[in-house]
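Peer 1: With the sequence up front, the predicted model follows.
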Amino acid sequence: MTAREFALPGTRPKFAPDRVVDIHHITLEIDVDPQARKVEGTVTLRAAVIAPNTRTIELDAVELQIDSVTVGGTPVTFRHDGKKLRVELPAPHATAAELVIAIRYRGAPRRGLYFIAPDEGYPDKPVQVWTQGQDEDSRYWFPCFDAPNEKATSELIVTVPAGLFALSNGTLVDDRTDGAKRTLHWRLDVPHSCYLITLAIGDFAAVETSWRDTPVVYYAQRGREAEAERTLARTPEMLELFSTQFGVAYPYPRYAQVFVADFIFGGMENTSATTLTDTVLMDERAALDYDVDSLVAHELAHQWFGDLVTCRDWGEGWLNEGFATYSEYLWRERHEGRDAADLELEEWADCYFGEDSRRYRRTIATKLYDEPIDIFDHHLYDKGGRVLHMLRHFLGDDQFFGALRHYLGKHKHGVVESRDLARAFEDATGKNVDWFFSQWVIDSAGHPELEVSVRWDAERGIATVTVEQTQKVEGRTPLFRIPTSVRFRVGERDHDHPVELVDPKHVFHIRLDAEPTQMIFDPGRVILAGMKVDKPEDVWWAELQGATLAIDRSSAAQAIGKRGGPHNERALGEALAGDEFWAVRGAAAQGLAIVRTTMARDRLITALGAETHPRARRMIA
Ligand SMILES: [Zn+2]
């Protein structure tokens, strides 16, 4: 089932590096030449040694030329092997004393700092320069302690050709043009990890708006302002939602987003200044058919989860990406409602199940990986998001969001590992959630495979729910502990009956006042599990017709589509014509497509004529 191990055999566990110095502040004063594709300047670190008698400080500086190093203004001995820069301190320093280490350097970076320019194939391409530090590439454009477990405030003073603008973290404190050169000075007074230091140079135009008292600015290549504004229009609403829901107001003095050409990812959550690919800029027609809110919400949520509170090492990267992914759900839920948000859950599950079955199975948090980039997979993003969704439903909204507020407050400006999150949940709720983190994140891997059957015994007035965990318990794949519920519709009302799975097989007998028309195990499909469900046909029909959550109506449509026959066809036809949510209409259409009778075809053609929702039309056609 699992094609290979996640990490190559013999891979040694990766731990966060030793911190020899505590860096307080980073000043980058550089000159960038877009034409020559070069950078040169000085990085100055204000720092203190952590252990007394420290004599050597090691920094990362890859393929950079180091011209000189001074400590407190005095030149010192250094060694540079092309990757590591070792600086010798002239004398032992007291741990409380602040050192000022200044490194003069130059380079023509191949990574970390990217130079974009027109060429024969693309004569209209703009001249731009932008950075991508995550995960370990800041070291290609300035000497630094290049690991997330060190945080400092930062400033960047950059000189560029006079016609260009340069964006960096924080606020612009100075901007002056002198002949053919322009120098911009940016400063961020909130400590962050150095992979989040950003620089984006180009002929950018700005669209300025605000949220509460915070400036919110969108930058795009001059001439594309309207597209930028259209694409990012809901940013202030997202700032309001996350500030409220996370219980910590947006923590930086400004929020900028800049669209750049040829970006190597969709977006990057650089502190207070997110970089986005310009391929998502939307013209008016595109905006009718889709939005990129998920991307915008994802990068914005990282400002809390990733930037303010940061994974201690990349093996804990899900603490950044799982939350950013889940925040896409939170935005969708607020903006379009739970039914629309639940569609994301299905997409994530598909991505994760595919990776798990075709590539490898791993624990979400792991020290065993070959390169940090390998960690950024569907286990990290999609399963990570689903795990948080389960935790939310297990605890309830008050406890879940209360615990997030506590976690952010406790660890802001710091670094975290999974146990810190578990402990924050325990602090805030009193509930020990170690078992949850152990099975879903830290120690175990995989997911449950569930076989569920539900029956109603009219004579005894008892519903019987049988649930079996059929996954093979071996290696890191455990028998799961799963708190969930069964939803019965009795009369007009839903009754949620809590159940908890701990054994390989459970048979629950649940007494009800009257015959239920619906019997839904795990309503809302919260549990990340493969599931086979067996229930009477008329119960499926009732659920397709009237389950409270669209995702449960869609499940019914899928189950009915597999069965065929005139009654099932009619049930699907009615849902296709009448369901209020487009994705259920789409699922009904797909069910009918499987049925493949003439009548099913007629129903589809009629529905296509009446359907106005573009995504439902795509599912029907
Ligand atoms: Zn992300």
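Peer 2: Happy to help now that I have it.
Peer 1: How many residues are close by the residue of the stretch 401-550 of the chain found nearest the ion?
Peer 2: In the stretch 401-550 of the chain, the residue that lies nearest the ion is residue 416 (15.8 Å; C-beta to the ion). In short, each C-beta sits where N, CA and C put it, glycine included. Using other C-beta atoms under 10 Å, residue 416 has 21 other residues around it.
Peer 1: and if you look at residue 515?
Peer 2: With other C-beta under 10 Å as criterion, residue 515 counts 13.
Peer 1: Please give the element, helix or strand, for the residue in the chain positioned nearest to the ion.
Peer 2: Per C-beta to the ion, residue 324 is where the chain lies closest to the ion, at 4.2 Å. Using DSSP states H and E, residue 324 sits within helix 318-336.
Peer 1: Could I get the buried residue list for the helix or strand that that helix is followed by?
Peer 2: Moving toward the C-terminus from helix 318-336, the next helix or strand (DSSP H and E) is helix 338-358. Neighbour-count burial for helix 338-358, counted by 16 or more other C-beta atoms under 10 Å, picks out 339-345, 348-349, 351-353, 355-356.
Peer 1: Now do the same contact list for residue 200.
Peer 2: 128-131, 166-168, 219, 258, 260, 273, 275 (C-beta atoms under 8 Å, 6 or more residues apart in numbering).
Peer 1: no, scratch that, I was asking about residue 193
Peer 2: 147-151, 310, 415.
Peer 1: got the phi/psi numbers for residue 241?
Peer 2: phi -60, psi -50 (degrees, to the nearest 10).
Peer 1: Let me fix that, I meant to ask about residue 143.
Peer 2: Dihedral angles (degrees, to the nearest 10) for residue 143: phi -70, psi 130.
Peer 1: show me the contacts for it.
Peer 2: 43, 59-61, 64, 66, 85, 103, 105.
Peer 1: Could you tell me which of those residues are located in strands?
Peer 2: 43, 59-60, 66, 85, 103, 105 (DSSP state E).
Peer 1: From the residues you listed, pick the one nearest residue 387.
Peer 2: Each of the ones in strands among the contacts of residue 143 was scored against residue 387 by C-beta to C-beta, and residue 60 proved nearest at 32.0 Å.
Peer 1: Quick check: beta-bridge partners of that closest one?
Peer 2: In this entry, residue 60 is beta-bridged to residue 84, residue 144, by DSSP bridges.
Peer 1: before we move on, what about the one 5 residues further on?
Peer 2: With DSSP bridges applied, the residues forming beta bridges to residue 65 are residue 106.
Peer 1: Could you list the low-pLDDT ranges of this structure?
Peer 2: For the chain, the stretches flagged by pLDDT under 70 are 1-3, 621.
Peer 1: near the ion, which residues of it?
Peer 2: 321, 324 (C-beta under 5 Å from the ion).
Peer 1: Domain-wise, how is the chain divided?
Peer 2: As assigned by automatic domain parsing, the chain contains the domains 18-202, 312-442, 447-535, 538-621.
Peer 1: and the closest residue to residue 471 other than its chain neighbours, what is it in contact with?
Peer 2: Ranked by C-beta to C-beta, 6 or more residues apart in numbering and with sequence neighbours excluded, the top spatial neighbour of residue 471 is residue 449, at 4.2 Å. With contact taken as C-beta under 8 Å, 6+ apart, residue 449 is in contact with 469-471, 529-531.
Peer 1: just the strands in the stretch 201-350 of the chain please.
Peer 2: Secondary structure of the stretch 201-350 of the chain by DSSP state E, counting those that start in this stretch: the strands cover 204-211, 214-221, 255-260, 267-268, 273-277, 310-311.
Peer 1: Show me what counts as buried in the second one.
Peer 2: Neighbour counts using 16+ other C-beta under 10 Å place 214, 216-221 of strand 214-221 among the buried residues.
Peer 1: Which of the contacts of residue 449 fall within helices?
Peer 2: Within these, no residue falls in helices by DSSP state H.
Peer 1: export these to JSON lines and tack on distance to residue 99?
Peer 2: Formatted as JSON lines, the contacts of residue 449 follow (distance: C-beta to C-beta, whole Å):
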{"residue": "469", "distance to residue 99": "57"}
{"residue": "470", "distance to residue 99": "60"}
{"residue": "471", "distance to residue 99": "55"}
{"residue": "529", "distance to residue 99": "54"}
{"residue": "530", "distance to residue 99": "56"}
{"residue": "531", "distance to residue 99": "59"}
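Peer 1: Let me have those residues in TSV, extended by neighbour count.
Peer 2: Shown next, in TSV, are the contacts of residue 449 (neighbours: other C-beta atoms under 10 Å):
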residue	neighbour count
469	20
470	13
471	18
529	21
530	16
531	15
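Peer 1: follow-up on the earlier one: just confirm the residue of the chain closest to the ion contacts residue 303, I think it does.
Peer 2: No - counting by C-beta atoms under 8 Å, residue 324 sits too far from residue 303 to count as a contact (9.5 Å).
Peer 1: anything in contact with each of those two?
Peer 2: With C-beta under 8 Å, 6+ apart, residue 324 and residue 303 have common neighbours residue 269.
Peer 1: neighbours around residue 548, how many?
Peer 2: 18.
Peer 1: I'd like the numbering to begin with 48 instead of 1 from here.
Peer 2: Taking 48 as the first residue, the last one we looked at is residue 595.
Peer 1: what sits against it?
Peer 2: So residue 595 contacts 534, 541, 570 (C-beta under 8 Å, 6+ apart).
Peer 1: How much space separates it from residue 386?
Peer 2: Here residue 595 is placed at a distance of 10 Å from residue 386 (C-beta to C-beta, to the nearest Å).
Peer 1: Repeat that for residue 631.
Peer 2: 8 Å.
Peer 1: Overlap in contacts, the two.
Peer 2: Common neighbours of residue 631 and residue 386 (C-beta under 8 Å, 6+ apart) are residue 597.
Peer 1: before we move on, back to that, now the strands of the stretch 248-397 of the chain as JSON lines including distance to residue 166?
Peer 2: Putting those into JSON lines (distance: least, C-beta to C-beta, whole Å) gives the following:
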{"stretch": "strand 251-258", "distance to residue 166": "21"}
{"stretch": "strand 261-268", "distance to residue 166": "16"}
{"stretch": "strand 302-307", "distance to residue 166": "17"}
{"stretch": "strand 314-315", "distance to residue 166": "24"}
{"stretch": "strand 320-324", "distance to residue 166": "19"}
{"stretch": "strand 357-358", "distance to residue 166": "37"}
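Peer 1: could you pull out the strands for the stretch 398-547 of the chain?
Peer 2: Under DSSP E, counting those that start in this stretch, the stretch 398-547 of the chain gives strands at 462-463, 496-504, 509-516, 529-537, 540-548.
Peer 1: ignore the last one, the stretch 548-668 of the chain
Peer 2: 552-558, 565-568, 577-581.
Peer 1: Could you identify which of the ones you listed is most buried?
Peer 2: strand 565-568 (a mean of 25; mean count of other C-beta atoms under 10 Å).
Peer 1: Which neighbouring elements make contact with that one?
Peer 2: strand 496-504, strand 509-516, strand 529-537, helix 584-593 (3 or more C-beta pairs under 8 Å, 6 or more residues apart in numbering; DSSP states H and E).
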